[in-house]
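K.L.:
sequence? don't have it. structure:
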């Protein structure tokens, strides 16, 4: 098919780790590709790697990309879990402390952290936070992703000075930002913020 043929633009090819190629619909995500490979892999997908870069399972694939599916058996799984753990920590802190300001909470090679401002905490407070984190995990919230315009993100983050600063940097290169929500808590995250 020629490039001007509409059908040629409706499909794209991704390259799997064994060198085989998978043809998928344009607009497919990492998770969609996993389901194309098999329903079990689709259900087990927690993230993906596009040309070696760790991304959310909702990230779109593109023609010719090297795709690797990340499951709980993958080396990268720990990084994904640490990212989720940082979100649980931030959610617990916001439940217990009014007016706390959140900055960033990335995974690291040794664990994860979250930067907070306007937070006065003592060692005696840690047990209550641990209990809250465990409750959040037990609630097993469905993690929902929503893509919004930069303008809408600015409105949603109007009271979060540090998140707004990060959004300004992100907005220079992007037209949309993804919010990830678990229960009442949400956080703006780019596709490659894992």
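P.N.:
Arrived safely. Remember, predicted model here, so these are calculated numbers, not experimental data. Residues are numbered from 1 along each chain as shown.

K.L.:
ok, now which ones touch residue 148?
P.N.:
Contacts for residue 148 (CB atoms under 8 Å, 6 or more residues apart in numbering) come out as 156, 176, 177, 178, 179. Placement of C-beta: from N, CA and C, glycine included.

K.L.:
what do you get if the cut-off is 7 Å, keeping everything else the same?
P.N.:
Counting by CB atoms under 7 Å, 6 or more residues apart in numbering, residue 148 makes contact with 176, 177, 179.

K.L.:
all strands of the protein, in order?
P.N.:
For the chain, the strands defined by DSSP state E cover 11-15, 21-25, 47-50, 53-56, 67-70, 101-102, 116-117, 144-149, 176-182, 185-189.

K.L.:
Low-confidence ranges, the chain, go.
P.N.:
Residues of the chain meeting the criterion pLDDT under 70: 1-9, 189-194.

K.L.:
correct me, but residue 61 touches residue 67?
P.N.:
Yes. Residue 61 is within contact range of residue 67, at 6.0 Å (criterion: CB atoms under 7 Å).

K.L.:
Mutual contacts of these two, please.
P.N.:
Residues touching both residue 61 and residue 67 by CB under 7 Å, 6+ apart: 14, 30, 33, 50.

K.L.:
filter the residues you listed to the buried ones?
P.N.:
The neighbour-count test (16 or more other CB atoms under 10 Å) marks 14, 30, 33, 50 as buried among these.

K.L.:
Closest one of these to residue 144?
P.N.:
residue 30 (16.6 Å; CB to CB).

K.L.:
The closest one against residue 62, yeah?
P.N.:
No. Assessed by CB under 7 Å, residue 30 is found out of contact with residue 62, at 11.1 Å.

K.L.:
longest single helix anywhere in this structure?
P.N.:
Longest helix in the chain, counting residues (DSSP state H): helix 77-96.

K.L.:
Let me know the closest of the contacts of residue 148 to residue 89.
P.N.:
Closest to residue 89, out of all of those and judged by CB to CB, is residue 179, at 17.9 Å.

K.L.:
got the contact list for that closest one?
P.N.:
Residues near residue 179 by CB under 7 Å, 6+ apart: 146, 148, 186, 187, 188.

K.L.:
got it, and residue 93?
P.N.:
Listed by CB under 7 Å, 6+ apart, the contact set of residue 93 reads 100, 116, 119, 129.
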